[in-house]
Structure formats: C-alpha cells, structure tokens
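Undergrad: sequence first, predicted coordinates after that:
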Amino acid sequence: MLTIDEAFRKFKTRLELNDKEQKNASARQTEVRDYLDTKFKIDRSFLTGSYARWTKTKPLKDVDIFFVLKSSEDHYRSKAPSVVLTDFHNALVAKYGDKTKKQNRSINVDFGVKADADDNTDYRVISVDVVPAFDKDGDFEIPDNDLGRWIKTNPKIHAEKATAAHQAYSSEWKGLVRMVKYWNNNPRHGEKPIKPSFLIEVMALQCLYGGWGGSFDREMQSLFATLADRILDEWPDPAGLGPPISNGMDTARKNRARELLLAAGREATLAIDHVRRGRNGEALRAWRELFGPKFPLS
C-alpha cells in the first residue's frame with residue numbers, strides 16, 4: 001500500500017503537464033492562430049497564464065492564449081472592450097460553433113473533448129481562452145468588459161513571481177498550488193468555490209510561507225486553513241497593473257468559499273488522524289474524496 005507521502009508525490013506527478021499535452025496545446029494555438037490571421041491583423045500569439053507558469057491543473061482546459069494585435073487594429077482601443085470581444089466571438093463561432101463563449105476578458109473555445117471518470121482526456125486540451133491584446137509600454141492591454149475599459153497586465157511578472165515562490169519553497173510551491181486548484185475543480189462543489197482560479201495562485205504567494213515543512217498532508221491542512229482565513233481579504237494584481245484579482249468574487253461567494261475551505265481543512269485533519277491511528281487505507285480514501293480521482297489509492 002502507498003504511504004501518504006508516496007501518494008501525494010504520485011498525485012503531484014499526475015497533475016503535471018506532459019509532452020503530449022504540451023504538443024496538443026501548441027497545435028491548438030497554431031490552429032486558432034491560423035484561422036484568426038484571416039480575420040484580424042495579429043502580430044504574434046503565445047500560450048500564457050497558468051499553463052505557461054506550470055500551475056495549470058488537470059484536466060487541461062481554459063488554456064490562455066494572448067493574441068497581440070498589430071497597430072493597424074488600434075481602432076479597437078478607443079472603443080468599449082465589448083466591441084473587440086464581440087468581433088472575436090463572432091469570428092470564432094463561425095469556425096467552432098455555439099460552444100464558443102464570450103467571457104469578461106476572453107473568448108472560450110470548447111473543442112468538444114470530454115474528460116473520463118478519472119479526469120483523463122487522452123492528452124488533449126478541452127478548451128482555450130482567446131485573449132485579444134495590445135502592446136503597451138512593455139506591458140499589455142486587454143479588454144475588461146465588466147469594467148468597460150482596457151486594463152494593463154503583464155504575464156511575465158506573474159511568471160517571475162511564481163518561479164521565485166517555487167524556488168523559495170524547495171520547488172514544491174507549484175505542486176501545492178496545482179493540488180488546491182484540482183480541489184477547486186472537484187464537481188462535488190457544484191460551482192467552483194474560488195474564481196478565478198488565478199486567485200488561488202495569488203493567495204499562495206503569501207499563504208505559503210516559512211519554507212517547505214517536508215510533509216504534504218500537513219502542508220495541505222495548513223494551506224486550506226490559511227486560505228479560509230484570508231479569502232475575505234482584497235488581493236491585488238501581483239504585477240501591480242490591473243484591478244484586484246479578488247474582485248471576481250462578491251461577499252456571498254467569498255463566504256461560500258470560506259466555508260468550503262474550512263471543511264477541506266477539517267477533512268485534511270481527519271485524514272491525518274487516520275494515519276496516526278494506523279489506518280493508512282482510510283487516509284488515502286479520505287484524501288481521494290477531498291481532491292478527486294487523480295489522487296491515487298494504489
């Protein structure tokens with residue numbers, strides 16, 4: 001039977017991107033780019049967000065792709081963000097159909113890939129988020145429909161902060177973040193407790209502190225408790241450019257997330273107690289129930 005440490009390490013590996021998934025994500029980027037090149041003047045595109053920071057969890061979906069428009073498309077910047085989002089949405093619907101959704105800052109393109117009962121997708125990307133963008137003083141501007149204006153962002157700064165946090169935490173930080181994101185995706189919650197999932201990462205920049213303690217179960221127990229304690233706080237953009245990341249949740253949603261995080265902390269405590277009482281199998285099943293099917297039982 002797996003020890004708890006072995007199970008967590010296997011769990012961490014299962015949540016990491018592999019070569020096949022990276023190749024499929026790259027192919028999807030090229031496919032969407034080749035099509036959008038016929039509709040808009042695009043300077044360049046690149047995979048970004050949690051995918052590029054190696055904090056993306058499984059199953060692989062909503063992979064961010066920035067499409068940086070040429071200066072000849074600058075007319076969009078003087079218009080409401082809804083204009084460019086609508087134009088991108090209409091163009092993508094023509095190719096990918098009704099599952100294409102307009103979101104606050106992007107267009108979600110669903111490729112019709114379904115995860116199986118074990119959250120496997122045969123290494124295929126379920127969906128991507130197409131983000132129109134412009135270069136702006138070394139940063140980027142992207143549309144924010146809720147705010148009704150263009151906002152600045154810088155994925156490079158986000159990536160640098162994630163890398164620094166990972167190195168400071170004995171290279172375990174990104175694995176722990178992926179685990180919490182996977183918990184956040186557990187269907188038993190119904191709607192995701194924490195949205196956007198980037199907020200988990202932003203909070204972890206502060207909530208994972210003091211260095212790696214050497215025990216995954218204790219780390220997760222402590223992290224759930226700390227996230228619950230601080231979910232009501234305001235969490236600024238780590239790049240210091242855009243609106244607070246926590247603005248995506250109102251007070252009711254934050255309170256719901258707090259209750260679910262507290263419950264996760266209690267479940268972690270019970271799982272740890274199972275081990276203390278020599279019930280390793282029960283502990284594994286408790287962690288599996290908490291996280292979902294990617295957590296191994298054997």
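TA: All right, it came through fine.

Undergrad: what's the domain layout of this structure?
TA: What automatic domain parsing lists as the domains of the chain is 4-12+157-291, 17-153.

Undergrad: leaving out chain neighbours, which residue sits closest to residue 108?
TA: Take residue 108 and drop its neighbours on the chain: the residue closest to it by C-beta to C-beta, 6 or more residues apart in numbering is residue 101, 4.4 Å away. The C-beta positions use only the backbone N, C-alpha and C, and glycine is treated the same way.

Undergrad: quick one, what contacts the one you found?
TA: 89, 107-108, 110 (C-beta atoms under 8 Å, 6 or more residues apart in numbering).

Undergrad: so which of those sit within strands?
TA: Secondary-structure check on these using DSSP state E: residues within strands are 107-108, 110.

Undergrad: out of those, who's the most crowded?
TA: Going through the ones in strands among the contacts of residue 101 with other C-beta atoms under 10 Å as the criterion, the one with the most neighbours is residue 107, at 27 neighbours.

Undergrad: just checking, what's the longest helix in the protein?
TA: Counting residues, the longest helix found in the chain (DSSP state H) is helix 251-276.

Undergrad: tell me which residues of it come out buried.
TA: Neighbour-count burial for helix 251-276, counted by 16 or more other C-beta atoms under 10 Å, picks out 253-254, 256-258, 260-262, 264-265, 267-268, 271-272, 274-275.

Undergrad: again, but for stretch 27-44
TA: Quick answer for stretch 27-44 (16+ other C-beta under 10 Å): 28-29, 32-33, 36, 40, 42.

Undergrad: swap in stretch 244-251?
TA: If you call a residue buried by 16+ other C-beta under 10 Å, then stretch 244-251 has these buried ones: 245-249.

Undergrad: which of the residues you listed scores worst on pLDDT?
TA: Least confident entry in the buried residues of stretch 244-251, by pLDDT: residue 248, with 92.

Undergrad: chain center to the very next helix or strand once past the longest helix of the chain, what's the gap?
TA: Moving toward the C-terminus from helix 251-276, the next helix or strand (DSSP states H and E) is helix 280-291. Taking C-alpha atoms, centre = their mean, to the nearest Å, one finds the center of helix 280-291 at 24 Å from the center of the full chain.

Undergrad: look up how far residue 216 lies from the residue lying closest to residue 218 once chain neighbours are set aside.
TA: Counting by C-beta to C-beta, 6+ apart, residue 218 lies nearest to residue 272, which is 7.1 Å off, once chain neighbours are set aside. Using C-beta to C-beta, to the nearest Å, one obtains 11 Å as the distance from residue 272 to residue 216.

Undergrad: ok, now residue 103?
TA: Using C-beta to C-beta, one obtains 34 Å as the distance from residue 103 to residue 216.

Undergrad: more neighbours: those two, which one.
TA: Comparing residue 103 with residue 216 by other C-beta under 10 Å, the one with more neighbours is residue 216, at 22 against 14.

Undergrad: show me the contacts for the more buried one.
TA: Applying C-beta under 8 Å, 6+ apart as the definition, the contact partners of residue 216 turn out to be 4-5, 8-9, 12, 176.

Undergrad: what about the helices in the stretch 101-250 of the chain?
TA: Secondary structure of the stretch 101-250 of the chain (DSSP state H, counting those that start in this stretch): helices at 155-168, 173-184, 198-207, 216-230.

Undergrad: just name the most buried of these.
TA: Ranked by mean neighbour count, the helices of the stretch 101-250 of the chain are led by helix 173-184 with a mean of 24 (mean count of other C-beta atoms under 10 Å).

Undergrad: now do that helix: which elements does it pack against?
TA: Contact partners of helix 173-184 among helices and strands, from 3 or more C-beta pairs under 8 Å, 6 or more residues apart in numbering; DSSP states H and E: helix 4-15, helix 155-168, helix 198-207, helix 216-230, helix 280-291.

Undergrad: what sits up against it?
TA: With contact meaning C-beta under 8 Å, 6+ apart, helix 173-184 is reached by 11-12, 15-16, 50, 53-58, 162, 165-166, 169, 192-194, 197, 200-201, 204, 208, 216, 219-220, 223-224, 227, 264, 290-292, 294.
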